[in-house]
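K.L.:
Sequence first, then the predicted structure:
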Amino acid sequence: TPHKELRQTKGCQVWRAREARRNSSCKLCHHHELRKPHPRRTTGVAYSRRCWWWESEAVVCEACLGMGCGTSNMAVVENVNQPTKVHPMGSSFESDDDVAMRVRFWGTRGSIAKAGPTTVRFGGNTSCVEVRTKKTLLILDMGTGAHGLGQELLATEKLPLKGHILISHTHWDHIQGVPFFAPLFVPGCEWDIYAPRGVGHSLQEALAGQMQYTYFPIQLDKLAANIRYHELMEGTFQIDDVTVHTQYLNHPALTLGYRLEVDGVSAVYSCDHEPFGHDFALGKGEMSEQDEKHVHFIRKADLCIHDAQYTAEEYAQKVGWGHSSVDCVVEMCRKAEVRSCALTHHDPMRSDDAVDALVAQARLSVSDMATPMEIFGAAEGMVVDLHTKAIRYSHISARNVPPVDLACALDLKSASSFNVVTAVGDEEGFGNIVANAIPADSRHVHVHHGHNSLDVLAHAEATSPDLVVVDSSTIGGNLEAFAAELAAIKTRIPPPLIVIARHDDLTVGVPVAGVTDWLVEPFTEQYVRTRMMAWAMRAQCRWQKAPLPPDETSRLHALRSLGILDTKPDESFDKYTRIVAAAFDVPIAVVSLVDEKRQWFKSCIGLNGATETSRDMAFCAHAILKPEPLIVPDALLDDRFAQNPLVLGEPRIRFYAGAPIILKDGSAVGSLCAIDTRPRDLDPKHVQILKDIALLVSNELELGHIDVTKYTRPSVFDGPTKIDGLEAFSDEVTAPARDNASAG
């Protein structure tokens, strides 16, 4: 019988619950004025033997519930246990200019899916979250909740689908929905899958493992959709209109948290994560430096979806399992000034009533805040809208997140090799734990063991390590002095220094200059491996893709209007590269034009006939961002280029000087660059000479463009139109013009 009709009879569960609780008191503060159902949520009815929403509202007062509308920019719409479509990515969403981001939960359970009567309200599926913006479909994790999401997409969306899947890590409860996500089986659909870069195996191999013949009837490579795999490190990158920041979380496997920003609002997905400091995690001490970094990552997020699997008492028995307690999550979100916190990754042994109690307790703990933070338990079917309008007057600084140290969210096809230097004593088995934690793939990892500080310094000078791991007891003396000596080695940028310490070591947690991180007992091999790999990845991550300039659209139009791309070599430009090579005494000189996805060489010396490279690798893509020349004295010491394939491989660039080629309308279409295979400096006089020659190249481009368009049809402005004999014709008519320009 429809619920609307049942409400009018005394046989209705809602009616009976209301009558029974009309004079009840709040079970938290015992206040007698109970809150009425929220008007926005009266449609959130679960089809069960009782109306859970009314029951939970009726036993907790408004103050303890903490769910008033207030001035938050978050609106929550409950639609639990109903498969109907909620706010689709159709006209209703696009016409709502107030909504910048819409979040829907499809799976909120942690570790293993748990179906049954005790998980009806918050759901039993494992992690999966759908995020919509005006232009983009994102999916966070692919737990068993992905099955329902896939069915919904096929039933409600126009094919072919295009979307992006961000996986936090490849533990089963975050990827088990991949084989059951129906849109992956549909030809024509396009999906980009992103996940942390591993060591020893690729993302595609990790996902294919659970679909091997032994476990599943269909293999990953048989999926009909067009799937692209991207392996990430810490950093920042762009997906359509969404800016994505990534940061390593503390978990037994390499795990990334994602911060999504669009139109002034931000949402953070932090699942799975354990506090770094043991004392803080146990509620006995202050945050560590690493915990402070995590707080910065989630700072002023409009919505923080955070792993909160344990209670404080449960966490004490599960240290190192990679999950947070509710108390720690609330404290971190409070310090970060998070607007709304969604507690997720519910323990499979936690019933709906138990989750309710934890949420109510968490709300009570923040009731004294000047601007109360909204806290709720993430539930399957719940929809959260983040509104652009509110952020305009509430906290404009939501985007002012501290910049990520290394912007390295790049497609890296294989693990690069790196060196590790260790000096760990064996008295308590630390040496064996560290030795076993290092991956056995000797093609990528080279380990150099020392016994004391002198050994470590000697190995560091000889091998230029990417990571140094030492036991505080084996170093002896002043740890800060040792760190200073390590940093003084001139072979490269100082590597991360990780110090292993006993729990009772008085120096643990005390800031020490040069110490990157602490590993405090107890810990497991898996935990040590993950922390070491995270820091090694950070050290390896030294290649940045240039951001797009603000005028990218008009810049590309100006470049293509010249009609010069993919034309034959021209002496008019070759003379300038010869002048640069001679004047600067470099083996390589290039006139590079930066197109949408490539840099194309109109003229080059020293590149053995190469005509273009990917824009991602182009130094010149960085040079066009500013009007002044870009000077890179030593690419190996510059985090933007140190791991660039053009630095590590041919032509092995070490020095780069590039002056932007700027047209009269202000468009920087390329650069004139001098390149050397050895590091060097450039004095101001030569910098000015490079700028002067770049100006001549710019004049040459526009002069040739004017003469060509004078004698050809206007359609040349639409792109590089090719006409037989045009090159010879333009040479004849432009020569007098060049002579006149030179005379002038």
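P.N.:
In hand now; what should we look at?
K.L.:
Look up how far residue 624 lies from residue 618.
P.N.:
As judged by CB to CB, to the nearest Å, residue 618 and residue 624 stand 9 Å apart. For the C-beta atoms, the positions are set from N, CA and C on the backbone; glycine is no exception.
K.L.:
Now the common contact residues for the two.
P.N.:
residue 594 (CB atoms under 8 Å, 6 or more residues apart in numbering).
K.L.:
give the contact list for the closest residue to residue 423 other than its chain neighbours.
P.N.:
Closest residue in space to residue 423, ignoring its immediate chain neighbours: residue 450 at 4.1 Å, by CB to CB, 6 or more residues apart in numbering. Residue 450 sits next to 421, 422, 423, 456, 458, 459 when contact means CB under 8 Å, 6+ apart.
K.L.:
need the contact list for the third one.
P.N.:
Spelled out, it's residue 423. Going by CB under 8 Å, 6+ apart, residue 423 touches 449, 450, 451, 452, 453, 455, 456, 469, 470, 471, 474, 475.
K.L.:
same question, the first one
P.N.:
Contacts for residue 421 (CB under 8 Å, 6+ apart) come out as 447-450, 456, 459-460, 463, 465, 467-469, 495.
K.L.:
Identify each of the helices in the stretch 51-200 of the chain and give its residue range.
P.N.:
Using DSSP state H, counting those that start in this stretch, the helices found in the stretch 51-200 of the chain span residues 52-58, 62-65, 91-94, 146-156, 172-175.
K.L.:
Please list only the buried members of the contacts of residue 423.
P.N.:
Neighbour counting with 16 or more other CB atoms under 10 Å marks 450, 453, 455, 456, 469, 470, 471, 474, 475 as buried within these.
K.L.:
What pLDDT is listed against the first one?
P.N.:
Among the per-residue scores, residue 450 shows a pLDDT of 77.
K.L.:
Next, work out how far apart it and residue 475 are.
P.N.:
Counting by CB to CB, the gap from residue 450 to residue 475 is 10 Å.
K.L.:
Common neighbours of these two, please.
P.N.:
423, 456.
K.L.:
Now do residue 449 against residue 422, distance only.
P.N.:
From residue 449 to residue 422 the distance is 5 Å (CB to CB).
K.L.:
Helix or strand: which one has residue 480?
P.N.:
helix 479-488 (DSSP states H and E).
K.L.:
Just the residues contacting that helix, thanks.
P.N.:
The contact list for helix 479-488 (CB under 8 Å, 6+ apart) reads 453, 456-457, 460, 468, 470, 472, 475, 494-495, 497, 499, 507, 512-515.
K.L.:
what about 7 Å?
P.N.:
Helix 479-488 is contacted from outside by 453, 457, 460, 468, 472, 475, 494, 497, 499, 507, 512-515, using CB atoms under 7 Å, 6 or more residues apart in numbering.
K.L.:
Buried among the residues you listed? Make that a PyMOL selection.
P.N.:
Applied in PyMOL, the following selects the buried portion of the contacts of helix 479-488 according to 16+ other CB under 10 Å:
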select buried, resi 453+457+460+468+472+475+494+497+499+512+514+515
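K.L.:
Which ones among the contacts of helix 479-488 map onto strands?
P.N.:
Among the contacts of helix 479-488, the members found in strands (DSSP state E) are 468, 497, 499.
K.L.:
Write down the beta-bridge partners of the first one, one by one.
P.N.:
Translated: residue 468. residue 421, residue 497 (DSSP bridges).
K.L.:
got the contact list for it?
P.N.:
Applying CB under 7 Å, 6+ apart, the residues near residue 468 are 421, 456, 460, 486, 495, 497.
K.L.:
one more time with 8 Å
P.N.:
When contacts are counted by CB under 8 Å, 6+ apart, residue 468 touches 420, 421, 422, 456, 460, 486, 495, 496, 497, 498.
K.L.:
Need the pLDDT of the second one.
P.N.:
The score at residue 421 is 76. That number is its pLDDT.
K.L.:
what's the burial count for the residue nearest to residue 172 when sequence neighbours are not counted?
P.N.:
Closest residue to residue 172 apart from its sequence neighbours, by CB to CB, 6+ apart: residue 210 at 7.1 Å. Number of residues near residue 210 (other CB atoms under 10 Å) recorded here: 15.
K.L.:
how about the contacts of helix 479-488 in TSV, adding distance to residue 256?
P.N.:
Formatted as TSV, the contacts of helix 479-488 follow (distance: CB to CB, whole Å):
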residue	distance to residue 256
453	34
457	33
460	29
468	24
472	29
475	32
494	25
497	23
499	24
507	30
512	27
513	28
514	26
515	24
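K.L.:
Of the contacts of helix 479-488, just say which sits nearest to residue 576.
P.N.:
Using CB to CB, residue 494 comes nearest to residue 576 of the contacts of helix 479-488, at 40.5 Å.
K.L.:
Could I get the contacts of residue 423 in CSV, plus columns for distance to residue 125?
P.N.:
CSV is the format used below for the contacts of residue 423 (distance: CB to CB, whole Å):
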residue, distance to residue 125
449, 46
450, 49
451, 51
452, 53
453, 52
455, 52
456, 48
469, 39
470, 44
471, 44
474, 48
475, 48
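K.L.:
which of those residues lies closest to residue 554?
P.N.:
residue 469 (50.6 Å).
K.L.:
I'd like the distance between the closest one and residue 224.
P.N.:
In terms of CB to CB, residue 469 sits 46 Å off from residue 224.
K.L.:
Which strand residues bridge the most centrally placed residue in the chain?
P.N.:
The structure's the chain has its C-alpha centroid closest to residue 246; by CA atoms, centre = their mean the separation is 2.8 Å. The partner list for residue 246 in beta bridges (DSSP bridges) reads residue 235, residue 258.
K.L.:
In helices, which of the buried ones among the contacts of residue 423 fall?
P.N.:
453, 455, 456, 474, 475 (DSSP state H).
K.L.:
residues contacting the closest residue to residue 174 other than its chain neighbours?
P.N.:
Excluding the flanking residues, the one nearest residue 174 by CB to CB, 6+ apart is residue 141, at 4.6 Å. By CB under 8 Å, 6+ apart, the contact list for residue 141 reads 107, 127, 128, 129, 166, 167, 168, 174, 175, 269, 271.
K.L.:
likewise residue 590?
P.N.:
Counting by CB under 8 Å, 6+ apart, residue 590 touches 577, 601, 603, 604, 605, 607, 620, 672, 673, 675.
K.L.:
where does the stretch 101-250 of the chain dip in pLDDT?
P.N.:
Low-confidence segments of the stretch 101-250 of the chain (pLDDT under 70): 198-200.
K.L.:
Quickly list what the residue nearest to residue 226 when sequence neighbours are not counted is bridged to.
P.N.:
Nearest non-adjacent residue to residue 226, counting by CB to CB, 6+ apart: residue 190, 4.8 Å away. Taking DSSP bridges as the rule, residue 190 bridges to residue 162, residue 226.
K.L.:
tally of neighbours for residue 190?
P.N.:
The burial count for residue 190: 14, using other CB under 10 Å.
K.L.:
Isn't it up against residue 165?
P.N.:
No. With contacts counted by CB atoms under 8 Å, residue 190 stays clear of residue 165, the gap being 11.3 Å.
K.L.:
Let's verify residue 533: helix, strand, or coil?
P.N.:
helix (DSSP: H, G, I helix; E, B strand; the rest coil).
K.L.:
about what we covered before: widest-spaced pair of the contacts of residue 450?
P.N.:
Across the contacts of residue 450 (CB to CB), the longest gap, 13.3 Å, separates 422 and 458.
K.L.:
So which of those two has more stuff around it?
P.N.:
Remark: of residue 422 and residue 458, residue 422 carries more neighbours, 27 against 13, as counted by other CB under 10 Å.
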